[in-house]
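>>> Model the structure of this input:
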Amino acid sequence: LTDIILLIIDELHTQTLAEFRFRWHWLEPFYQYHLNLINIPKQQQQQPIHLYISLMRKESSLSKEDIRYFGLEILINQFDVPIPKKQSLYCVARIVPNYNSYKHDYLRNANNHQYVGVDFHRITYPNPTDFVRPEYTLAGYPQLSLASKESKIPRWMHDFLFSRDHEKDNMFLNNSAFVLEFYPFRAVDNSTTWRIKDLVGWVAIRLDQRTYDALTAPGSVEGMRTEGLLVESDGDLIAESSKYLTAELLLKLVAERHPSKNLIAFNASNLPILPSYYVEGSRQSIYIQMPVAPRRSFLPSINSATSVQNFVPTNRSIQSMN
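Okay, the predicted model is just below:
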């Protein structure tokens, strides 16, 4: 049996300060764990050591089943314009089954911000029950990026993969969405209950039939990118001098059981744009898109109840995602 062994080492004195060990097979594939591993020193006068870590067990095959798609890959690149001051930000990504409810109950409700972010499961003496995957909920299964370097244009280049059965079952339904949330970097210091918290903004892309049609079109096999994707915020995350703060995401539907390359390998500018699909008075947009130069759709063959087009939004169009 294979063990995962994590060591905290004082390099200067070549001394091992703490060791954490648990079985590899206890981890469920393609589920990201967020752990607060606790090492109890042998000497009682010493304080316990806490290691906060997120990890995912990956395998060579995404699935043994023969299905339409094996997962959804999404890459966060960077903000398109500067923010007022340098910040280091975490990204937390999730697939939510009902975006309207999640937005109303959590994103727009400051009283419930304590329930979003990422909690780290405390483990002192690891055993298999510590690694049982929780039930899928309204908040989905959160995945965490590294914090960006402190900058006025935070940049991540972080790749998220959603391939759990519950996530795939909730993709491309009328109410589901991909949500990417931004949280400020916080030093752990001596905290024993450290967590990712204090939501400052988010972006959202609805995962309905229109999104599926776009991602499965012949011209988007290698992926798509957003354009003018609005970063929503209650005021804590804004652009420095532009009217809107926007971010760029890349999306790809994984159609191979054994993917040969991911979105990081592609030049974003070479990928087609995922249109917002907004038609006034008809249906909600896939994402809130800020004014961009009109362009002809590259997906004329898609038959949908709404036409495929980019648009210059009015106040009504921006409200359609709110």
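>>> SS state for the most centrally placed residue in the chain?
Central residue of the chain (CA atoms, centre = their mean): A93, 1.9 Å from the mean position. Counting by DSSP: H, G, I helix; E, B strand; the rest coil, the backbone at A93 sits in strand.
>>> Test of understanding: give the bridge partners of it.
Beta-bridge pairing for A93 (DSSP bridges): Q143, L180.
>>> and it, what does it touch?
By CB atoms under 8 Å, 6 or more residues apart in numbering, the contact list for A93 reads 74, 76, 142-145, 160, 178-181. Every C-beta, even on glycine, is put in place using the N, C-alpha and C of the backbone.
>>> Export those as CSV, with columns for distance to N100.
Below are these laid out as CSV (distance: CB to CB, whole Å):
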residue, distance to N100
I74, 20
I76, 23
P142, 19
Q143, 22
L144, 24
S145, 25
F160, 22
F178, 14
V179, 12
L180, 17
E181, 16
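>>> for these, which one is nearest M224?
Checking the contacts of A93 against M224 with CB to CB, the nearest one is I74 at 10.3 Å.
>>> Is the closest one part of a helix or strand, or is it coil?
From three-state DSSP, the assignment for I74 is strand.
>>> farthest pair in the contacts of A93?
The widest separation within the contacts of A93 (CB to CB) is 14.9 Å, between L144 and F178.
>>> The two: which has the busier surroundings?
F178 (25 against 19; other CB atoms under 10 Å).
>>> Pretty sure the more buried one sits in a helix.
No: counting by three-state DSSP, F178 falls outside a helix, being strand.
>>> That one: what's it in contact with?
Contacts of F178 (CB under 8 Å, 6+ apart): 72, 74, 93-95, 162, 204-205, 207, 251.
>>> before we move on, back to that, filter the contacts of A93 down to the buried ones.
By neighbour count, with 16 or more other CB atoms under 10 Å, those hold 74, 76, 142-145, 160, 178-181 as buried.
>>> Y99: which of those residues is nearest?
Using CB to CB, the buried ones among the contacts of A93 come closest to Y99 at V179, 7.0 Å.
>>> does the closest residue to that closest one other than its chain neighbours sit in a helix, a strand or a coil?
Leaving out its chain neighbours, the residue that sits closest to V179 by CB to CB, 6 or more residues apart in numbering is A204, at 5.0 Å. Of the three states, A204 takes strand according to three-state DSSP.
>>> now the one 10 residues further on
The three-state label for A214, taken from three-state DSSP, comes out as helix.
>>> can you check N111 too?
Relying on three-state DSSP, one would call N111 helix.
>>> Tell me how many other residues surround it.
8.
>>> Return the residues in contact with it.
By CB under 8 Å, 6+ apart, N111 has no neighbours at all.
>>> what's near enough to touch L215?
224, 251-253, 274.
>>> Can you tell me which of these is nearest L245?
Within these, the smallest distance to L245 is 18.8 Å, found for L274 (CB to CB).
>>> what about that closest one, distance to I74?
Distance of L274 to I74, computed by CB to CB, to the nearest Å: 11 Å.
>>> Mind putting the contacts of L215 into CSV with pLDDT?
CSV is the format used below for those (pLDDT from 0 to 100):
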residue, pLDDT
M224, 94
L251, 95
K252, 93
L253, 93
L274, 93
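>>> on that earlier part again, wait, doesn't the residue nearest to V179 sit right on Y106?
No: judged on CB atoms under 8 Å, A204 makes no contact with Y106 at a distance of 12.0 Å.
>>> Tell me, how many residues neighbour the residue nearest to V179?
Using other CB under 10 Å, A204 has 22 neighbouring residues.
>>> if I look at it, how far off is L180?
8 Å.
>>> re earlier: okay, and the common contacts of L274 and I74?
L251.
>>> quick one: which of the contacts of L215 is nearest T14?
For the contacts of L215, the nearest to T14 is K252 (44.3 Å; CB to CB).
>>> That closest one belongs to a strand?
Yes: under three-state DSSP, K252 falls within a strand.
>>> ok, how many other residues are close to the nearest residue to it once chain neighbours are set aside?
Excluding the flanking residues, the one nearest K252 by CB to CB, 6+ apart is G223, at 3.7 Å. By other CB under 10 Å, the residues close to G223 number 23.
>>> rewinding a little: let me know the closest of the contacts of A93 to Q46.
Nearest to Q46 out of those is L144 (CB to CB; 29.2 Å).
>>> That concludes my questions; thank you for your assistance.
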